[in-house]
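Participant: structure here, sequence nowhere to be found:
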């Protein structure tokens with residue numbers, strides 16, 4: 001009887017905790033998402049005199065900058081960036097754990113509170129204005145994977161005069177009833193020649209069927225049937241996601257990849273056949289090793305590993321991102337876990353399958369996650385690199401014409417510059433020109449390289465505001481209004497940060513004037529942004545600065561340590577290694593010798609960083 005009574009009391013206590021009255025907090029500005037953009041937006045709003053609160057669904061701040069990407073990594077022209085992005089974000093550390101601390105310290109310095117592990121449950125509106133943001137409690141798991149369902153509903157209520165949705169998913173935007181797009185538009189929609197279904201890439205003569213040669217046996221896992229839509233057509237696919245992860249062989253730092261509970265070698269039969277193809281067609285041993293490393297761990301980007309886009313198979317799955325972009329948290333949690341299971345399963349397969357050369361099996365087996373980068377998630381990055389999800393349909397839609405500098409916007413609130421950077425969207429069965437069946441990818445492009453046209457383009461204020469009849473007190477600096485193609489150019493973290501600052505200042509102006517975000521005086525907004533150091537227009541003076549900066553890069557010569565630092569932000573530490581004669585300059589011969597060293601030593605960063613410690 002006592003046990004029964006105790007059990008009943010426990011159930012009653014649990015029920016009480018689930019139905020308690022939600023705590024209400026009132027602020028001027030509520031920022032959803034402690035991404036870099038969200039943090040910059042919150043700081044800007046606070047500096048402009050507003051009370052501010054950040055809501056973060058995870059346990060960490062810094063978004064993808066706290067999970068692998070470096071602040072300057074996707075900023076080809078730093079002089080096109082100003083404000084807080086330059087003065088603060090660009091001066092932060094380079095490693096994930098340092099960046100997370102730097103962002104957290106900044107928020108503490110500005111006395112900006114953060115609500116962790118709570119996410120959008122619903123939005124209540126008064127007319128076209130958000131009146132309340134109701135949150136649910138949903139702590140991520142030990143590896144950072146979002147919870148599929150909440151542990152507690154109606155846990156908090158936020159009332160704010162202006163909301164800023166700086167999340168990668170645009171959840172406040174969607175909950176508020178703001179229209180948005182997902183997937184790929186057709187080439188006709190915005191007259192973009194790059195849009196829609198693209199040409200075949202990475203075609204490889206691999207049998208795609210479970211039983212080789214028998215289409216009736218079905219397709220192998222990780223291969224899809226072609227949907228048959230013509231080139232340029234719209235569809236619901238979107239570019240690949242992946243982790244930007246660190247690995248190590250150091251036993252003191254290594255966390256072993258665990259074989260997934262649902263692992264089956266049959267799920268990686270496509271990988272086995274691709275490895276057989278590489279072994280059969282690659283005569284040079286070093287080239288074969290490189291191609292195998294393209295599969296796992298992938299492309300060594302800047303210390304961390306990334307998707308290798310010119311490999312048929314690499315370190316992340318294809319075709320899953322489309323289920324995440326507009327999915328429920330249950331769907332997103334599943335996709336996130338599938339990415340972890342795929343990476344762990346790929347590691348196990350390449351460490352054990354007999355078709356993999358023995359030396360590479362041994363090499364792969366030694367690799368584990370580097371726990372020093374993500375100590376509280378057992379080495380797993382706490383943020384999946386979600387390159388694109390929803391895109392708001394605002395008063396102005398950024399398109400390829402903007403990226404190509406073919407438009408003129410008078411209400412620009414930040415500059416963007418990058419090529420059209422899209423990773424593959426799917427892997428499918430397709431015949432080559434001679435009719436031979438094989439497996440290929442589609443959707444991959446990098447038009448213009450990192451520098452795009454070389455001429456930064458403005459992002460209009462109208463692209464971060466919803467239409468006035470949909471929501472009057474919401475700003476969206478992350479999932480802003482853009483076509484799939486244009487977003488692929490503008491989707492870089494420095495741009496998100498710039499737009500975050502602009503959104504924070506715009507929110508303050510709207511509150512001060514007691515007006516909607518759509519009716520903010522854009523002239524006053526731009527003036528205030530300029531006073532804060534933002535760069536809103538590309539000038540000849542800035543172009544000349546960039547030309548001078550790049551001259552050293554193009555010739556391979558730098559006249560001083562400072563010239564190197566200006567040209568290679570984030571790589572200042574390399575100067576003494578390249579300057580072998582210690583004359584305070586880098587000659588063409590020294591730079592060429594360094595490039596040769598990099599080719600001879602794929603682990604050159606590790607080697608040189610170890611030299612620094614001596």
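Facilitator: That came through, no problem. Since this is a predicted model, take the numbers as computed values, not measurements.
Participant: any idea which helix or strand carries the closest residue to residue 175 other than its chain neighbours?
Facilitator: Once flanking residues are discounted, residue 175 sits nearest to residue 123: 4.1 Å by C-beta to C-beta, 6 or more residues apart in numbering. (Glycine included, C-beta is placed from N, CA and C.) Using DSSP states H and E, residue 123 falls within strand 118-126.
Participant: how about the contacts made by the residue nearest to residue 175?
Facilitator: Residue 123 is in contact with 130, 132, 133, 134, 172, 175, 176, 177, counting by C-beta atoms under 8 Å, 6 or more residues apart in numbering.
Participant: then residue 186?
Facilitator: Residues near residue 186 by C-beta under 8 Å, 6+ apart: 195, 196, 232, 233, 234.
Participant: how about a markdown table for the residues you listed, with secondary structure added?
Facilitator: Formatted as a markdown table, the contacts of residue 186 follow (DSSP: H, G, I helix; E, B strand; the rest coil):
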| residue | secondary structure |
| --- | --- |
| 195 | coil |
| 196 | coil |
| 232 | coil |
| 233 | coil |
| 234 | coil |
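Participant: quick one: which of these is most hemmed in?
Facilitator: Among the contacts of residue 186, residue 195 has the most neighbours (other C-beta atoms under 10 Å), with 24 neighbours.
Participant: my guess is that one meets residue 401, correct?
Facilitator: No. Here residue 195 lies out of contact with residue 401, judged by C-beta atoms under 8 Å, at a distance of 11.8 Å.
Participant: show me where the stretch 151-300 of the chain has its helices.
Facilitator: In the stretch 151-300 of the chain, the segments counted as helices under DSSP state H, counting those that start in this stretch are 171-175, 269-281, 285-295.
Participant: between the ones you listed, which one is closest to residue 503.
Facilitator: Residue 503 lies closest to helix 171-175 among those, at 12.4 Å (C-beta to C-beta).
Participant: who are the packing partners of that closest one?
Facilitator: Contacting helix 171-175 under the criterion 3 or more C-beta pairs under 8 Å, 6 or more residues apart in numbering; DSSP states H and E are the following elements: strand 118-126, strand 152-165.
Participant: shaky segments in the stretch 1-150 of the chain?
Facilitator: The model of the stretch 1-150 of the chain has pLDDT under 70 over residues 1-21.
Participant: same thing but at 80, please
Facilitator: 1-22 (pLDDT under 80).
Participant: got it, and the chain?
Facilitator: For the chain, the stretches with pLDDT under 80 are 1-22, 545-559, 562-563, 565-570, 588, 599, 602, 612-614.
Participant: residue 295 and residue 68, how far apart?
Facilitator: To residue 68, residue 295 is 19 Å away according to C-beta to C-beta, to the nearest Å.
Participant: of these two, who's got more company?
Facilitator: Neighbours were counted for residue 295 and for residue 68 using other C-beta under 10 Å; residue 68 has more, 27 against 23.
Participant: can you tell me the closest non-neighbouring residue to that one?
Facilitator: The shortest distance from residue 68 to any non-neighbouring residue, by C-beta to C-beta, 6+ apart, is to residue 244 (2.6 Å).
Participant: could you report the neighbour count for that neighbour?
Facilitator: Neighbour count of residue 244, defined by other C-beta under 10 Å: 25.
Participant: for residue 576, what are its contacts?
Facilitator: Residue 576 neighbours (C-beta under 8 Å, 6+ apart): residue 582.
Participant: how about it, secondary structure?
Facilitator: When classified by three-state DSSP, residue 576 comes out as helix.
Participant: same check, this time on residue 53
Facilitator: Under three-state DSSP, residue 53 falls in the strand class.
Participant: based on its surroundings, how many neighbours for residue 212?
Facilitator: 12.
Participant: with residue 225 instead?
Facilitator: If you count neighbours by other C-beta under 10 Å, residue 225 ends up with 11.
Participant: OK, contacts around it?
Facilitator: Here residue 225 is in contact with 219, 428, 429 (C-beta under 8 Å, 6+ apart).
Participant: how close does it get to residue 253?
Facilitator: 43 Å.
Participant: just residue 335 next, same as before
Facilitator: 28 Å.
Participant: residue 105 now?
Facilitator: Residue 105 sits 24 Å away from residue 253, going by C-beta to C-beta.
Participant: neighbour count: those two, which is higher?
Facilitator: Set side by side, residue 105 and residue 253 show more neighbours around residue 253, with 16 against 12, by other C-beta under 10 Å.
Participant: hmm, the more buried one is touching residue 370, no?
Facilitator: Yes. Between residue 253 and residue 370 a contact is recorded at 5.3 Å, counting by C-beta under 8 Å.
Participant: ok so, going back, distance to residue 262 for the contacts of residue 186 - can I get that in TSV?
Facilitator: Shown next, in TSV, are the contacts of residue 186 (distance: C-beta to C-beta, whole Å):
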residue	distance to residue 262
195	37
196	35
232	38
233	35
234	34
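Participant: which one of these is nearest residue 118?
Facilitator: residue 234 (35.3 Å).
Participant: who touches the closest residue in space to residue 94 that isn't next to it in sequence in this structure?
Facilitator: Excluding the flanking residues, the one nearest residue 94 by C-beta to C-beta, 6+ apart is residue 70, at 5.1 Å. Residue 70 makes contacts with 94, 302, 570, as judged by C-beta under 8 Å, 6+ apart.
Participant: can you check residue 611 too?
Facilitator: Residue 611 neighbours (C-beta under 8 Å, 6+ apart): residue 577.
Participant: for it, give its distance to residue 238.
Facilitator: Note on residue 611: its distance to residue 238, by C-beta to C-beta, is 42 Å.
Participant: okay, helices next: where are they in the stretch 1-150 of the chain?
Facilitator: Using DSSP H, counting those that start in this stretch, the helices assigned to the stretch 1-150 of the chain run over residues 2-19, 36-47, 83-87, 96-109.
Participant: hang on, residue 495 packs against residue 403?
Facilitator: No. Between residue 495 and residue 403 there is no contact under C-beta under 8 Å: 11.9 Å.
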